[in-house]
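>>> Below is the sequence, then the predicted model.
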Amino acid sequence: MAQYDLNIRDYWRILRRRWQVVAVVALAFGVMAYILGEVQRPNPIYQATAVVKFERMTTLVGLLVETIAVSPGDSMATQAAVVRSFAVLERAAKSLRLIPADLDSETIKRTPRYIQLVSDLRRQVEAVPEENTTLINITVSSPEAAQSTRIANAVAQSYREENLLTRNRQIREARRFIEEQLADVGGRLQEAEEGIRALKERRGFVSLTEETSALVARLIALEAEYDKVRQVHQETANQVQALQDPQVVAGAIPPRIFTDAGDPTIAKLNTSLLDLGVERDNLLITLTPEHPQIQDLNARIATTRNNLVRELRLKLQTLQGRAAILQRQIQNLRQEQRGLPDVARQYAQLQRDITIHENLLTQLRSKLQEVQIKEKEQVEEVSLVRPATEPTRPINPPQTLGKLVVGVLIGLLIGLVLALVLESLDTSIGTIQDVEGYMELPVLGLIPNIDPSKDPALAPPEGAEEEGVLSKIQPFLISLLSPKSTVAEAYRSLRTNVEFLSLDKNVATLCVTSASLMEGKTTTAINLALSVAQTGKKILLVEADLRRPFVHHAFGIPRDPGLAEIIVGNKDHRECLRTVTDLILGPLGLEKVMGSPNIDKLFILTSGTPPPNPAEFLNSQRMTDLIAAFRQEFDMIIFDCSPVLPVTDAAILASKTDGTLIVYRVGRTARSALKRAKTLLENVRGKVLGIVLTGVRAEISPDYEELEYYRYPYSQDSPQAATAGPRSRSFLDRVSGLFRRGSFTYKAIFVVVLSLLFVGSLAWWFGAWPAAPPSPSPRVVHR
């Protein structure tokens, strides 16, 4: 490239020119990424989740003195831990037939193999309570989808059964406790009754006086009231403790207590506190804790909580005073009771015991009936909300596709960078601006690359396959054999530019040369001569490349006699000229030759016998005189010369002619060589008229995309000329064409890509075949 200030158009041109490099590199990285993804493909892990609901139920309400307090632990977190307990997982293992169902727990705990099975099962199970709910998610991970579902449902069912067994075990224990208490209280009641009976029989004591009975009844009532005050005092103290819990003060848990309606002030404050908590919870659904409304509610909750604590403390003081008064009254009554006669005092004590035991016996019988009802109900705290369903996808899907996409993207990026590097290292000249700016010469012609797949008009004529010579010379005689092709139109455009240039500079003799070999100078000279002859001008094409002559091969005519014989003096130039008759007698034939207009205006002078010193021949006075003679007979003389850099033949002829055209095949020759060729021609006072670019393709430069105007149809019977065949070749043809051109860079890229693919294949082979280690998860055995 001749410039480094690139714009978007330049980048697009580079991409179109080097797209094969980008595609090959992207493909290589994509294949490597795919192989890497296959090697690192994880073993699939499936997760199934069963959801259970836990609701705490109180079965023995009022059985003993119960107070309301905040538990120091989280009951849902405790239940989540219970799900993964040994007892639950042992029951699940039995239901899954991992452990024989007839084994007891002690035998299982003494067997290491069964302990390991339960431990493996625990590693698969995860129990997580849902926030602000009583739901627990039981999730099981397993390499098999069906197995994860079975284990999750088995653990959920085992947790439910274990909870049911535990809760009803408590009920049975409570029933036994109540029955024991009934027997004990009944025995003590019977003892008290027996004591009164014995007292009456031994002492003859019939009954207490009315005053003593009233004293005993009052003492019993005071003791009952004292017990009630102590219970209320304990409940109030627990409420204060709950409101002053650090988590409640910090706002982590809501301040909730239970109060009766006996104290309107406390009940009102508690209701207000609950309402504020509900309002805050509703706002937290849409607002953050730092929102001003939430902060204001927190302040109001703190104020209400402090007021409630103050009222509860006042209530505690009142209860303490009341308890002290009752205690003094009880002590006074007991002191007064001691003043009674022994018989009366014993009788009163026994009567008091009977009353207390009768009341307690009544309560125990009532609770026993409640327990018996609960035992029949089979209390269930755990229910299955949603059973686990078989998962359809693993939680760790392979990332092969993602790695493939990333690999292709990285390959595209590296390919683009490599394309830019190759473009910067390319010393050839690409665009028209590069050529004209660097050479300081106009570009007179753009000759497209000869590609029959893009232009049907370039296809070999009928019968060319049978006529081997005609098939070989057809690409060099485009203007004669394929006049409706885009290449022929390009040569006509070159002819027009040369003709207009001749009007200004009086160009009658024209030298066509190139900087090096294989640039298309001979083809350009032949087709330019044909195009000029088709306009009716008398033109002479001289095969002046005495070292590697090719014009006579292109037309299928004899090489000698020719220019060498004329310079030596053995022949007159009129005897050596080839005319339309010679072309008709050659492989072209009458039909091909006469199909072109004014072909009789074309005369050809071949090189003749190769001389030992071509430069001296061309630099002779005889050659100068011959050119002067040609000027008198022909409208234009075109010399097909040798390349400039290898030999001096072209420079010698350039000094003897009116102008020189330098043919440059795009992307083939370094810019320095092209510049050197121009300098050599100018050093001998040769007039370089311009540059002719050959081998032009649209992907080389955006300027060459304008070649579409060559595709205008010439007749109504050939509409396909407007489209000129398919726009692109197959990818395989393009890639194979890269290596047929023999570029070292492309071959090196090909070798690197093959090496990457080979290494990746080895990595896949040795990484994919070793057997994966056995999964630690237990497999369900079906018997």
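Nice, thanks for sending it over.

>>> Could you list the low-confidence segments of the stretch 151-300 of the chain?
169-170, 199-213, 216, 251-262, 278, 281-282, 284-286 (pLDDT under 70).

>>> again, 90 this time
Low-confidence segments of the stretch 151-300 of the chain, defined by pLDDT under 90: 159-300.

>>> Only alpha carbons, please: show stretch 504-524 as PDB.
Presented in PDB, the C-alpha positions along stretch 504-524 are these (Å, rounded to 0.1, in the frame of the first residue of the first chain):
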ATOM      1  CA  ASP A 504      -2.200  16.000 -28.300                       C
ATOM      2  CA  LYS A 505       1.200  14.400 -28.600                       C
ATOM      3  CA  ASN A 506       1.100  13.000 -32.200                       C
ATOM      4  CA  VAL A 507       1.800   9.400 -31.100                       C
ATOM      5  CA  ALA A 508       2.400   7.300 -34.200                       C
ATOM      6  CA  THR A 509       4.800   4.700 -32.800                       C
ATOM      7  CA  LEU A 510       4.000   3.200 -29.500                       C
ATOM      8  CA  CYS A 511       6.200   0.900 -27.300                       C
ATOM      9  CA  VAL A 512       4.300  -1.500 -25.000                       C
ATOM     10  CA  THR A 513       6.500  -2.900 -22.200                       C
ATOM     11  CA  SER A 514       6.400  -3.900 -18.500                       C
ATOM     12  CA  ALA A 515       8.700  -3.800 -15.500                       C
ATOM     13  CA  SER A 516       9.100  -7.600 -15.300                       C
ATOM     14  CA  LEU A 517       7.900 -10.800 -16.800                       C
ATOM     15  CA  MET A 518       4.300 -12.200 -16.800                       C
ATOM     16  CA  GLU A 519       2.500  -8.800 -16.500                       C
ATOM     17  CA  GLY A 520       0.400  -9.100 -19.700                       C
ATOM     18  CA  LYS A 521       2.300  -6.700 -22.000                       C
ATOM     19  CA  THR A 522       2.100  -9.000 -25.100                       C
ATOM     20  CA  THR A 523      -1.600  -9.600 -24.600                       C
ATOM     21  CA  THR A 524      -2.100  -5.900 -24.200                       C
END
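
>>> Average pLDDT for it, rounded please.
Mean pLDDT, stretch 504-524: 90.

>>> Would you mind listing the buried residues in it?
Across stretch 504-524, burial judged by 16 or more other C-beta atoms under 10 Å covers 507-516, 519-524. All C-beta atoms are positioned from the backbone trio N, CA, C, and that covers glycine.

>>> cool, stretch 351-359 as well?
Neighbour-count burial for stretch 351-359 [16+ other C-beta under 10 Å]: 351-357.

>>> Check stretch 482-500 too.
In stretch 482-500, counting by 16+ other C-beta under 10 Å, buried: 482-495, 497-498.

>>> got it, and stretch 221-231?
Buried, per 16+ other C-beta under 10 Å, within stretch 221-231: 222-223, 226, 229.

>>> downstream neighbour of the lengthiest helix in the chain in the secondary structure list?
Ranked by number of residues, the top helix in the chain under DSSP state H is helix 145-203. Using DSSP states H and E, the helix or strand that follows helix 145-203 in sequence is helix 210-243.
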